[in-house]
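In: Below are the sequence and a predicted model for it; my questions follow.
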Amino acid sequence: MATLAATVVLFVWADLVPYPNTIRVAERGVADGAGPQPPAAPRGGSYGAALAAAAPVQPWARRETDRFGALPLHGAMGIPPGLWPARARANASRGAAVNVRWTARRAYGAMPAPARASAPRRAAASRTKPTWLCLDGRQAPSIFIVGCQKCGTTSLLAQMEKTLSWQGVRVQTGHAYRDEPPFFEKEKHFFSTDRIYAKGRRFYLNHFPPCSRQHAAIVDATPNYLNVPQAPRRLKEMYGAAADNLTFVLILRDPAERTESYFYHARADGWLHQPWEGAPPVKSAQYHLWTHSSLRQAAACAARGVRRLWPECDVWGLFVSLYAQQLAEWLRFFRADQFIVVPMSRYLDRNREVMADLARRLGLALAPGESAPARANKRKAKKSAADAITTKALRAFFAPHNREFTDLLKRAHVHVSPDGRFSSGDLFFERA
Ligand SMILES: Nc1ncnc2c1ncn2[C@@H]1O[C@H](COP(=O)(O)OS(=O)(=O)O)[C@@H](OP(=O)(O)O)[C@H]1O
């Protein structure tokens, strides 16, 4: 009830604020995320056919395409029409009322069927030694922390480097070139960034030590690999047959908190994603206004029948938190038993168990004794009470996506650290 009240307050208030009515939405991603896309059609048939079979597309859904400003977000948030502010009700009576939730559910019903791990493959998920990959004379990464941005990836990597080893040799990340920012030591951005990918395989592999100097395992911890749709295909192509031996770690945070953290980081560093006309300069963007515009963007996409909000609506901003749709894409290229999902809450609360589980699955030894996760990349901006209200509104938006994520993990038999156990419902708000 408190969540609903907070959401209503935010959106009633937000409705009074003048917003740009036309939002220019990049068709698919922006900047480095753009470029050739993997095929969108699912394995078992076309989305179009599945959607048409489920229910015919309503004319009002089509009409919404260019009417961004008129969308009643309140409906998308599940708020009963009686509680909508006057402007939203007026929009609705003009024919703009869109049951976005229904549209979205219909669209997501047709997600690609993920590849299932066969029983022997699943059994083989624990290893006795790490995977050692030599490509063109370089020890190439065999472990990828592919996501997600603002989910504790820096902290996890630091702890892996400190505590995981094999026969006394630690894991490591390779190096950054002198003209690259220092954080490229952790994250190479190769498979996710067109201009870096264009430099080619040799350029990537030159970041890693020669095979002669054997390391326990090499890690590329680029949190954007998960949300850039080109990344899994590129990775698979580069590794060829060796791709079967890779392990992908996904440390994932409550999507709403992640989005909040992203906003403050991206605003401070000047790369906040706001693909709508009339957006303020990045430095003066405000969290609640940015969130409201992002939710409008999502609602408009759903209303015009976009099949998967990620990647078809956008791949940046709050769309980075659409984990189900992203993982489904990765499962088209890799087996389910190559993935380890680490909820950030478990990483913090059950740290030792999670690290032991990672060690087992990566074939590495865990150093004895306790080690706490470092608080890396802590945001500098102060939290405010108003932010909490905005984040609650985001939670309402993400709730069905979170359930979809949990369903996917169960269906595809993806391992959730530390013990593979999780209940149906929302993984990010499970009871201990
Ligand atoms: N130990 C521990 N406890 C609690 N929170 C932690 C911890 N380690 C990292 N964090 C929070 O994770 C956020 C940074 O995540 P990333 O390192 O993945 O960021 S980045 O994508 O590499 O920029 C960032 O979140 P915000 O502070 O909310 O922005 C960090 O504070």
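Out: On my side now, so go ahead. Residues are numbered from 1 along each chain as shown.
In: Please spell out the segments of the stretch 101-250 of the chain that come in under the pLDDT threshold.
Out: 101-124 (pLDDT under 70).
In: Which parts of it are strands?
Out: Listed in chain order, the strands found in the stretch 101-250 of the chain under DSSP state E, counting those that start in this stretch are 133-135, 138-140, 143-147, 164-166, 169-170, 219-220, 247-252.
In: quick one, which of these is nearest to the ligand?
Out: strand 247-252 (7.4 Å; CB to the nearest ligand atom). Bear in mind the C-beta positions are built from the backbone N, C-alpha and C, glycine included.
In: Residues touching stretch 418-432, excluding its own?
Out: Stretch 418-432 is contacted by residues 252-255, 343, 345-346, 349-350, 353-354, 356-357, 399, 402-403, 405-407, 409-410, 416 when judged by CB atoms under 8 Å, 6 or more residues apart in numbering.
In: Report the buried residues of it.
Out: By neighbour count, and taking 16 or more other CB atoms under 10 Å as the criterion, the buried residues in stretch 418-432 are P418, F422, D426, L427, F428.
In: Closest one of those to the ligand?
Out: F428 (14.2 Å).
In: How is the closest one assigned, secondary-structure-wise?
Out: Taking DSSP: H, G, I helix; E, B strand; the rest coil as the rule, one finds F428 in the helix state.
In: Quick check: it vs N402, distance?
Out: Distance of F428 to N402, computed by CB to CB, to the nearest Å: 6 Å.
In: So K382, which state does it fall into?
Out: coil.
In: Backbone dihedrals for it, please?
Out: Backbone torsions for K382, taken as degrees, to the nearest 10, come to phi -80, psi 150.
In: now S321
Out: Note on S321: its backbone torsions stand at phi -90, psi 10 [degrees, to the nearest 10].
In: who's in contact with the nearest residue to it once chain neighbours are set aside?
Out: Of all residues beyond its chain neighbours, the one nearest S321 is P255 (3.3 Å), with distances taken as CB to CB, 6 or more residues apart in numbering. Shown in contact with P255 (CB under 8 Å, 6+ apart): L318, S321, L322, Y323, L394, F398, H401, N402, F428.
In: and with 10 Å instead?
Out: 148, 151, 318, 320-323, 394-395, 397-399, 401-402, 405, 428 (CB atoms under 10 Å, 6 or more residues apart in numbering).
In: For the ligand, tell me which of those show up nearby.
Out: Checked against the ligand using CB under 6 Å from any ligand atom, those give the following subset in range: C151.
In: Out of the contacts of P255, flag the one nearest to S165.
Out: Out of those, the one with the shortest distance to S165 is C151. That distance is 24.4 Å, counting by CB to CB.
In: my guess is the closest one meets Y347, correct?
Out: Yes. Between C151 and Y347 there is a contact at 8.9 Å, judged by CB atoms under 10 Å.
In: any idea of the pLDDT on P42?
Out: Turning to P42, the model gives it a pLDDT of 33.
In: What is the burial count for L318?
Out: Applying other CB atoms under 10 Å, we find 26 residues neighbouring L318.
In: Make sure I have this right: it is in a helix.
Out: Yes. With three-state DSSP as the criterion, L318 is assigned to a helix.
In: Spatially, which two of the buried residues of stretch 418-432 are the most separated?
Out: Farthest-apart pair in these is P418 and D426; separation 18.6 Å (CB to CB).
In: Count the neighbours of the residue of the stretch 201-350 of the chain found nearest the ligand for me.
Out: In the stretch 201-350 of the chain, no residue comes nearer to the ligand than S261, which is 3.4 Å away by CB to the nearest ligand atom. Using other CB under 10 Å, the number of residues around S261 comes to 21.
In: which stretches of the stretch 301-432 of the chain aren't confidently modelled?
Out: Residues of the stretch 301-432 of the chain that meet the cut-off, pLDDT under 70, sit at 431-432.
In: The ligand contacts on that one?
Out: So the stretch 301-432 of the chain meets the ligand at L348, P373, R375, A376, N377, K378, R379 (CB under 6 Å from any ligand atom).
In: wait, what's in contact with H415?
Out: Listed by CB under 10 Å, 6+ apart, the contact partners of H415 are 117, 122, 125-126, 336-342, 357, 361, 409.
In: Likewise for A231?
Out: Counting by CB under 10 Å, 6+ apart, the residues that A231 touches are 33, 38, 144, 146-147, 189-193, 197, 222, 224-225, 326, 329-330, 333.
In: Mind doing that once more with 8 Å?
Out: Listed by CB under 8 Å, 6+ apart, the contact partners of A231 are V146, F191, S192, N224, Y225.
In: of the contacts of H415, buried ones?
Out: Among the contacts of H415, those buried by neighbour count (16+ other CB under 10 Å) are A117, A125, A336, D337, Q338, F339, I340, V341, V342, D357, R361, L409.
In: Verify the assumption that the last one is located in a strand.
Out: Read it as L409. No. The assignment for L409, made by three-state DSSP, is helix rather than a strand.
In: Now for it: which residues touch it?
Out: L327, V341, V416, F422, L427.
In: among those, which two are most distant?
Out: The widest separation within these, taken as CB to CB, falls between L327 and F422 and amounts to 14.2 Å.
In: one step back: for PyMOL, what selects the buried ones among the contacts of stretch 418-432?
Out: Those of those that count as buried under 16+ other CB under 10 Å are selected in PyMOL with:
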select buried, resi 252+253+254+255+343+345+346+350+354+357+399+402+405+406+409+416
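In: Which members of the contacts of stretch 418-432 occur in helices, if any?
Out: Counting by DSSP state H, the members of these that fall within helices are 255, 345-346, 349, 353-354, 356-357, 399, 402-403, 405-407, 409-410.
In: of these, closest to A299?
Out: So of the ones in helices among the contacts of stretch 418-432, ranked by how close each gets to A299 (CB to CB), first place is A399, at 15.0 Å.
In: Next, show the common contact partners of C151 and Y347.
Out: What both C151 and Y347 touch, as defined by CB under 8 Å, 6+ apart, is the set I251.
In: and these two? which has more neighbours close in?
Out: In this view C151 and Y347 are compared by other CB under 10 Å, and C151 has more residues nearby, 29 against 24.
In: my guess is that one contacts A221, does it?
Out: No. Shown here, C151 and A221 do not form a contact pair, counting by CB atoms under 8 Å, at 11.2 Å.
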